[in-house]
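Asker: structure, please.
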Amino acid sequence: MVTDHAAPPATARGTGLPASLSPDRIHQLAGRVAATADAERGTTRAPYTGAPLADLPLSAPADVEDAFARARTAQRDWAAAPLRERKKIMLRFHDLVLARQDEALDLMQAESGKTRRDAHLEVVDTAITSRYYARSAATYLGPKRRRGAVPVLTHTTELRHPKGVVAIVSPWNYPLSMAAGDAIPALMAGNAVVQKPDTQTALTALWALDLMHEAGLPAGVWQMVIGRGSSIGDALMAGADYMMFTGSTATGRRIARDAGERLIGASLELGGKNAMIVLDDADIDRAADGAIAACFPSAGQLCVSIERLYVAKSLRDKFVAAFVDRTKRLTLGAAYDFSIDVGSLTTPAQLETVTAHVDDAVTRGATVLAGGRARPDLGPLFYEPTILTDVTPDMTLHDHETFGPVVSLYPFDHVDEAIARANATAYGLNASVWTRNGARGRAVAARIHAGTVNVNEAFAAAWGSIDAPMGGMGDSGIGRRHGADGILKYTEPQTVAHQRLQGFTPPSRISPDTWAALLTGAQKVLKAVGAR
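Answerer: A predicted model of the protein is given here:
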């Protein structure tokens, strides 16, 4: 039985919210939404209790158009500002995020229902991202000398220019990491940003914007609009010079189509059906702990979390016993402190999906090893961490992303079988391999069709290696965040080639056929001396 924890948190005036989230503070953050004074309003609800959380103005298409107009004006001065000034702002933002983290943690928990432990990882991730791009942008964006067409005579330089105004659509499940994490490199590259965070977790994104202004970001450079994609999505696409989207594969396809129609770039991190492979030489206790960390953070509402678990038959019984025991001992509940292991789902729609997937599997013959039920006694959106076995291809969750605290466990005989089954999906976002032999684990990882693969870790090792690219293959998306790709995608490369002394047409004193022979001979010499 999963351990329950429903002790009420310290609240402000009986609202059920932490004292830091006073009505005045929520109103102040909501005031940063780009919307008119008479805008339609939307109410969000706290997942822990279902009680109203925030009353937010909803942006209309005209508000989005106005935001882009202001952003274009602000972007010209922002792009002209020395890179060292942008760096100072990002490093001040880094310090503010760490210093004010308690309010951010309260916001993330109140809006998403996740645990404080999971929320804290977003604080750390945002600090890492701001520090990394503040200190690496000059290397990525500075002029680069390139080999010229003719040695010595051709001076060639690669320059990087900002795209202009970047549109970012960020999701509800990681409201700080995804909102600030994608905006930071776009801003560092000299772009302005118009961002649509998910309405459910908009306060967290607005909190990041509030701190960025306190750090010194000029007005208009980063703006937030709120509303349904069906209402303001077209206006976002129409104004964007580049589109950054994190969300469902179905929506990602539409954005890719529309971006292609407009001939603008897009980076899309989409869904996943991520696999974990426990090889026959794995440390069982360590792998069981790793499976907990892989499957249940943020109640499984994480694009890189594990939903398929393949275990060598020789270890299956011992691994299952260890994994199930650990899962049943997880603390499930609501508290604005670090005492809880697994929190709530975020939306009723997500609870409906998780429940439908599990019920369908059980009806068709799947076996529940742990969990398998909603917990309305704890709150409206709680669902127990769930392990299933005997899952077959006719069950919905076999191939479709559940995006909840549910994992299916499958035995395998040989590593080639495990790799083939891990790759038997249209998705390709993240994977995990467990073994005592690091070289073997890396070799297996290289054969898995996924943008990131972790050896003896769930997902944090690859995600936290911010100097390396992160993104998906197949139906998990296109483009990458992090590393050089994470900032260069927000730029336009330009080649400036200065030809000196002699050009590519023959001088008047040399005949065309003689000139052709000289050029041919030069190519042979360059190859002979090892020139590229």
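Asker: which strands and helices sit next to the host helix or strand of Pro411?
Answerer: Here Pro411 is covered by strand 406-412, with elements defined by DSSP states H and E. Helices and strands touching strand 406-412, by 3 or more CB pairs under 8 Å, 6 or more residues apart in numbering; DSSP states H and E, are helix 284-295, strand 306-312, helix 316-328, helix 348-363, strand 386-389, helix 396-399, helix 415-422. In short, each C-beta sits where N, CA and C put it, glycine included.
Asker: got the angle for it vs helix 348-363?
Answerer: Relative orientation of strand 406-412 versus helix 348-363 (axes from the mean of the first three to the mean of the last three CA atoms, to 10 degrees): 40 degrees.
Asker: so where is the stretch 1-150 of the chain shaky, pLDDT-wise?
Answerer: Where the stretch 1-150 of the chain drops to pLDDT under 70, the residues are 1-15.
Asker: strands of that one, start to end?
Answerer: 3-5, 41-45, 52-57, 144-146 (DSSP state E, counting those that start in this stretch).
Asker: of those strands, flag the one that's most buried.
Answerer: Compared across those, strand 52-57 shows the largest average neighbour count, a mean of 20 (mean count of other CB atoms under 10 Å).
Asker: that older thread, which one, of the helices and strands packed on strand 406-412, ends up nearest to Ser22?
Answerer: Ser22 lies closest, by CB to CB, to one member of those: helix 348-363, at 26.6 Å.
Asker: show me what the helix or strand following the closest one is packed against.
Answerer: Using DSSP H and E, the helix or strand that follows helix 348-363 in sequence is strand 367-370. Judged by 3+ CB pairs under 8 Å, 6+ apart, strand 367-370 is in contact with helix 316-328, strand 386-389.
Asker: now do stretch 298-310, average pLDDT.
Answerer: Averaging pLDDT along stretch 298-310 yields 97.
Asker: ok, and for it, which residues are buried?
Answerer: For stretch 298-310, a neighbour-count test (16 or more other CB atoms under 10 Å) marks 298-310 as buried.
Asker: and for stretch 120-134?
Answerer: Applying 16+ other CB under 10 Å to stretch 120-134 flags 120-123, 125-134 as buried.
Asker: quick check, nearest of those residues to Gly521?
Answerer: Tyr133 (47.4 Å).
Asker: quick check: that closest one touching Asp182?
Answerer: No: look at Tyr133 against Asp182 with CB atoms under 8 Å: they stay out of range, at 11.0 Å.
Asker: distance between stretch 233-240 and the chain's centre?
Answerer: Here stretch 233-240 shows a centroid-to-chain-centroid distance of 21 Å under the convention CA atoms, centre = their mean, to the nearest Å.
Asker: cool, and stretch 271-283?
Answerer: Worked out by CA atoms, centre = their mean, stretch 271-283 lies 21 Å from the chain centre.
Asker: how long is that stretch end to end?
Answerer: 30 Å (CA to CA, to the nearest Å).
Asker: now do stretch 211-219
Answerer: 12 Å.
Asker: next, the buried residues of it.
Answerer: Leu211, Met212, His213, Ala215, Leu217.
Asker: sec struct for the first one, please.
Answerer: This points to Leu211. Recorded secondary structure, Leu211: helix (DSSP: H, G, I helix; E, B strand; the rest coil).
Asker: the nearest residue to it once chain neighbours are set aside: what's it in contact with?
Answerer: Distances taken as CB to CB, 6 or more residues apart in numbering place Leu96 nearest to Leu211, at 4.6 Å, with adjacent residues excluded. For Leu96, the contacting residues are Leu211, Glu214, Ala215, by CB atoms under 8 Å, 6 or more residues apart in numbering.
Asker: relative to Ala104, how far out is Leu96?
Answerer: 10 Å (CB to CB, to the nearest Å).
Asker: picking up where we left off before, let me have the strands of the stretch 1-150 of the chain in CSV, extended by distance to Arg442.
Answerer: Putting the strands of the stretch 1-150 of the chain into CSV (distance: least, CB to CB, whole Å) gives the following:
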stretch, distance to Arg442
strand 3-5, 37
strand 41-45, 44
strand 52-57, 45
strand 144-146, 31
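Asker: tell me which of those strands sits nearest to Val368.
Answerer: Of those, the one closest to Val368 (CB to CB) turns out to be strand 3-5, at 17.7 Å.
Asker: of all the residues in stretch 500-512, which ones are buried?
Answerer: Pro506.
Asker: that older thread, which one of the buried residues of stretch 298-310 is nearest to Trp78?
Answerer: Using CB to CB, the buried residues of stretch 298-310 come closest to Trp78 at Cys303, 30.2 Å.
Asker: would the closest one count as being in a strand?
Answerer: No: per three-state DSSP, Cys303 lies outside any strand segment and is coil.
Asker: ok, now which ones touch the closest residue to it other than its chain neighbours?
Answerer: Nearest non-adjacent residue to Cys303, counting by CB to CB, 6+ apart: Gly272, 5.3 Å away. Applying CB under 8 Å, 6+ apart to Gly272 gives the contacts Cys303, Val304, Glu307, Glu401, Tyr427, Gly428, Leu429, Asn430, Gly472, Ser476.
Asker: mind checking the SS state of Gly272?
Answerer: coil.
Asker: distance of it relative to Val97?
Answerer: On the measure of CB to CB, Gly272 and Val97 end up 27 Å apart.
Asker: cool, and Tyr140?
Answerer: Tyr140 is 22 Å from Val97, by CB to CB.
Asker: same check on Gly148?
Answerer: Taking CB to CB, one finds Gly148 at 44 Å from Val97.
Asker: comparing those two, which shows the higher neighbour count?
Answerer: Under the criterion of other CB atoms under 10 Å, the comparison of Gly148 against Val97 puts Val97 first, with 25 against 16.
Asker: go through this protein and flag its longest helix.
Answerer: helix 116-141 (DSSP state H).
Asker: stretch 422-429 spans what distance, first to last residue?
Answerer: Using CA to CA, first and last residues of stretch 422-429 are 11 Å apart.
Asker: repeat that for stretch 183-194.
Answerer: Start-to-end, stretch 183-194 (CA to CA) is 9 Å.
Asker: mean confidence score for it?
Answerer: Stretch 183-194 comes out at a mean pLDDT of 98.
Asker: CA atoms only for stretch 477-486 - export them in CSV, please.
Answerer: Only the C-alpha atoms of stretch 477-486 are listed here, as CSV (Å, rounded to 0.1, in the frame of the first residue of the first chain):
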residue,chain,number,x,y,z
GLY,A,477,10.4,16.1,-32.4
ILE,A,478,12.9,18.1,-34.3
GLY,A,479,15.6,20.5,-33.2
ARG,A,480,17.6,20.5,-29.9
ARG,A,481,17.8,22.5,-26.8
HIS,A,482,21.0,22.9,-24.7
GLY,A,483,24.6,23.2,-25.9
ALA,A,484,25.5,25.0,-29.1
ASP,A,485,22.3,23.9,-30.8
GLY,A,486,20.2,25.4,-28.0
